[in-house]
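Colleague: Sequence first, predicted coordinates after that:
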Number of protein chains: 2
Amino acid sequence: MKLVLDSSSNHAHTVVSIMNGDIAPYVTTLRRVADSGVYLAPESSINLPFDETLVPAVEAVVASKVTSALRTIFVIGIGGSNLGTKAIYDALRPNLTTKRDIVFLDTNNASTIQTATRILAQAATMDEVLFVSISKSGGTTETLANTEIMMEAAFLKWGGAVRDRLVVITDEGSAFAQAAAERKVTVLSMPTTVGGRYSVLSAVGLFPLCALGVDIHELLRGAQDMRQVCLNPDANLNYATISASLLYQAYQDNLVVHDTFVFQSELESLGKWYRQLLGESIGKKLSGSQEGTSVGITPTVSVGSTDLHSVGQLYLGGHKRTFTTFVYSDVDTPVYTVPKERMFPLLAPMITGRTTTDIMSAILRGTTTAYRNEHLPFVELVMDGITPYELGAFLQCKMMEVMYLGYLFGVNTFDQPAVELYKIETKRLLDGK
Amino acid sequence: MKLVLDSSSNHAHTVVSIMNGDIAPYVTTLRRVADSGVYLAPESSINLPFDETLVPAVEAVVASKVTSALRTIFVIGIGGSNLGTKAIYDALRPNLTTKRDIVFLDTNNASTIQTATRILAQAATMDEVLFVSISKSGGTTETLANTEIMMEAAFLKWGGAVRDRLVVITDEGSAFAQAAAERKVTVLSMPTTVGGRYSVLSAVGLFPLCALGVDIHELLRGAQDMRQVCLNPDANLNYATISASLLYQAYQDNLVVHDTFVFQSELESLGKWYRQLLGESIGKKLSGSQEGTSVGITPTVSVGSTDLHSVGQLYLGGHKRTFTTFVYSDVDTPVYTVPKERMFPLLAPMITGRTTTDIMSAILRGTTTAYRNEHLPFVELVMDGITPYELGAFLQCKMMEVMYLGYLFGVNTFDQPAVELYKIETKRLLDGK
């Protein structure tokens, strides 16, 4: 993956130079965390790709649970427990040749549960299904409800032996880990210091993806290589500090929305994964500040060229409040060609004989040119194919970008205290108090 | 569908009273357009649900093209040409019993075309497939590219007779209509005055949905009834003017993001349809104003409870810039129950024996309470089931809300001049100039 700055803009380099001094101490912090290799600091998710015990633990459970009979993996988790897995799944799915599939259960949506139970009802043997229940805290309402509903349906069909088809992923030593162990349910644990939105490269993401057939070694190799880039003390060579500096400066300039504008439709969920990462990490009341002072970047996801026909007018002609990161692969497979003998040759004649790659590339370049002309700032993250390696690099880059960004804003990048505000009310209602 | 205002907030009623006088002349305008019953004014999409020639025309083509053999409808269109159809399709799909399905082709995405051509390759007879190519102008690059690619694959399989399986939907008298007629391809036309993002209740949405098996009479009946509500000269009883007034006032208060927060996952695409409607209609340079003055509300879509675990922290704890419309059905089917005999009874004990409806309702109420406590303004649109009738009402309400909103902002709600900025560049690149 490469980061490409808008060459016509001196702005970018200026910003990075300004920020270099500000960000330098935190680069040192992250380098120390990396050198330690352990899970003590809140930043220690950056050590996951180098953890030599992680992949063997994941692969051992896959070896014991997955046979050629496996067809459906039910991933039961919400927020940080499924967004990363879904991002990789959606990105790679079109080119995976496996007969297996993942069904995601996040919220307690009746239609989604209906779909899942129908698939379960059609399974001939229990080896065809695998349930993965993921809750960092072990107390996530929706995840436990979906787990209990799905496991009851499975018990009714196959009896108690089906608990062997469940894998629980949770914090080391959590109540969920304990309860699962008591019932002889397989547990994979995650380090308590790794927050949900930083956990995609732990067992949380690796186990279901490995069970599906994704090359998790390549995913981690991409993340390893990108960690080196994003620990570079020269902020002008460090993708994560460059991107964080640009976002921070944009916010000062009242560009309070960050649009992840992907140009392959299958990358939309990658944008949604980043939406949580950015939204939840930076959307904070400022500590020690006066009452009510808060920051937060509104994360949006757009899909090109689809959304040029939806919100293109707003971006190019409306009030300017958006900084954009274009994300795409410049290797597009397969390639389709508009035939030379067309049915409607007089309509849009310039596409005759052109490939879909040519057309999409022209639309992307047309868009970046229009953005430049309209003084809408942007960067580009360009993947060399939509592969596990490139996706791993993207995930690692973005997690470190957000850490640097949180440091610049002076917020705690790793907590989410405000979600308690609705959870307390919800619990009160369910308790009938 | 009901509009529910936050009862604890006097704000809402105050705003509507203030706006009533401002909005009154435009209520009169819309009433005149409705009385005319014709397609002359830019607002005339509000006459579509009452058009007595429209449904017979759509049903006649369905009768001639759809047999029990039909399995896949390829809807080829982008922006206003497919977002409304996809919104209704996604909302109703879980409870449709038909064996038919729709495959959407919008941008020229290689993976999506690959999926579509694989489905085409598997079809045994051409009666199993139907192609619907939709372009208001007739010149949409991506739509023409996808149409030519798909039709070539169909020609190679079945020969020239397959053109009988194509239906073109475009402006009356457009070059596309003419070219299709010359090739003896069936054409359904839409009124030229009806803009793409207001066209869901024209043949653009009605034809593919009717071919799928959706009750379009009910869809239109819901829109008819809601049009009456949204033409009410008493702005305090008129859902569209209330909603527009609140959004306008929110914008003055620097709440520049409008989040459509749906609480059934299958309504996400309904939010994306509205995203275009709001973004493209209001995101404008102000006419007659000084250089660079522009307005625009950033539309976002959230899915509850999923996104409470993603951006809930930002909404409740971050910088406040969002006005929220919660959208949900308070009739949820089917209903699932967390068993009384649970696998993990000590985890989230308050859900034991509770239904998914109970849980989701508690989360929704927990959320609105937290929003109220945090002074985050919101309204609720509550559907009585996710049905064609209720969806028709929602669509009509929102289209009229945006018309009123555009009037308050003083923008042209019906054009999209800025999209030319990237289209010109794209065309130049494809022409090789």
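Modeller: Arrived safely. Residues are numbered from 1 along each chain as shown, chains lettered A, B, ... in the order given.
Colleague: Strands along the stretch 201-350 of chain A, start to end?
Modeller: Secondary structure of the stretch 201-350 of chain A (DSSP state E, counting those that start in this stretch): strands located at A:257-262, A:284-285, A:294-295, A:298-303, A:322-329.
Colleague: what does the stretch 101-250 of chain A put close to chain B?
Modeller: For the stretch 101-250 of chain A, the residues in contact with chain B (CB under 8 Å from any CB of the partner chain) are A:106-115, A:117, A:138-142, A:144-145, A:147-149, A:151-152, A:163, A:175-176, A:179-180, A:183, A:196. Yep, even glycine has a C-beta here, placed from its N, CA and C like the rest.
Colleague: could you redo the last one with a cut-off of 7 Å?
Modeller: If contacts are counted using CB under 7 Å from any CB of the partner chain, the residues of the stretch 101-250 of chain A sitting beside chain B are A:106-115, A:138-139, A:141-142, A:144-145, A:148-149, A:151-152, A:175-176, A:179, A:183.
Colleague: Provide the contact partners of stretch A:295-306 at residue level.
Modeller: Residues outside stretch A:295-306 that contact it (CB atoms under 7 Å, 6 or more residues apart in numbering or on different chains) are A:247, A:251, A:256-263, A:265, A:268, A:271-272, A:274-275, A:278-279, A:282-284, A:286, A:311, A:360, A:363-364, A:367, A:409, A:411, B:78, B:106-107, B:142, B:257, B:298, B:300, B:314, B:318-319, B:321.
Colleague: A:V129 reaches A:A123, doesn't it?
Modeller: Yes - with contact defined as CB atoms under 7 Å, A:V129 counts as touching A:A123 (5.1 Å).
Colleague: who's more crowded, these two?
Modeller: Residue environment comparison for A:V129 versus A:A123 gives the larger neighbour count to A:V129, 25 against 17, counting by other CB atoms under 10 Å in any protein chain shown.
Colleague: Contact partners for the more buried one?
Modeller: Neighbour list for A:V129: A:72, A:74, A:120, A:123, A:165 [criterion: CB under 7 Å, 6+ apart].
Colleague: how about 8 Å then?
Modeller: By CB atoms under 8 Å, 6 or more residues apart in numbering or on different chains, the contact list for A:V129 reads A:70-74, A:119-120, A:123, A:154, A:165.
Colleague: taking those residues one by one, which sit in helices?
Modeller: A:119-120, A:154 (DSSP state H).
Colleague: which one of the residues you listed is nearest chain B?
Modeller: Sorting those by distance to chain B puts A:A154 at the head of the list, at 10.1 Å, by CB to the nearest CB.
Colleague: ok, for that closest one, nearest residue in space, not its chain neighbours?
Modeller: For A:A154, the nearest residue in space outside its immediate sequence neighbours is A:V162; the separation is 4.4 Å by CB to CB, 6 or more residues apart in numbering or on different chains.
Colleague: Is the one you found in a helix, a strand, or coil?
Modeller: Under the three-state scheme (DSSP: H, G, I helix; E, B strand; the rest coil), A:V162 adopts helix.
Colleague: what's the neighbour count on it?
Modeller: When neighbours are counted by other CB under 10 Å, A:V162 registers 17.
Colleague: That one: what's it in contact with?
Modeller: A:126, A:151, A:154-155.
Colleague: Same list (the residues you listed) but as CSV, adding neighbour count and pLDDT.
Modeller: Converted to CSV, the contacts of A:V162 look like this (neighbours: other CB atoms under 10 Å in any protein chain shown; pLDDT from 0 to 100):
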residue, neighbour count, pLDDT
A:M126, 17, 97
A:M151, 23, 98
A:A154, 23, 98
A:F155, 16, 97
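Colleague: what's the farthest-apart pair in those residues?
Modeller: Comparing every pair within those by CB to CB identifies A:M126 and A:M151 as the most remote, at 11.7 Å.
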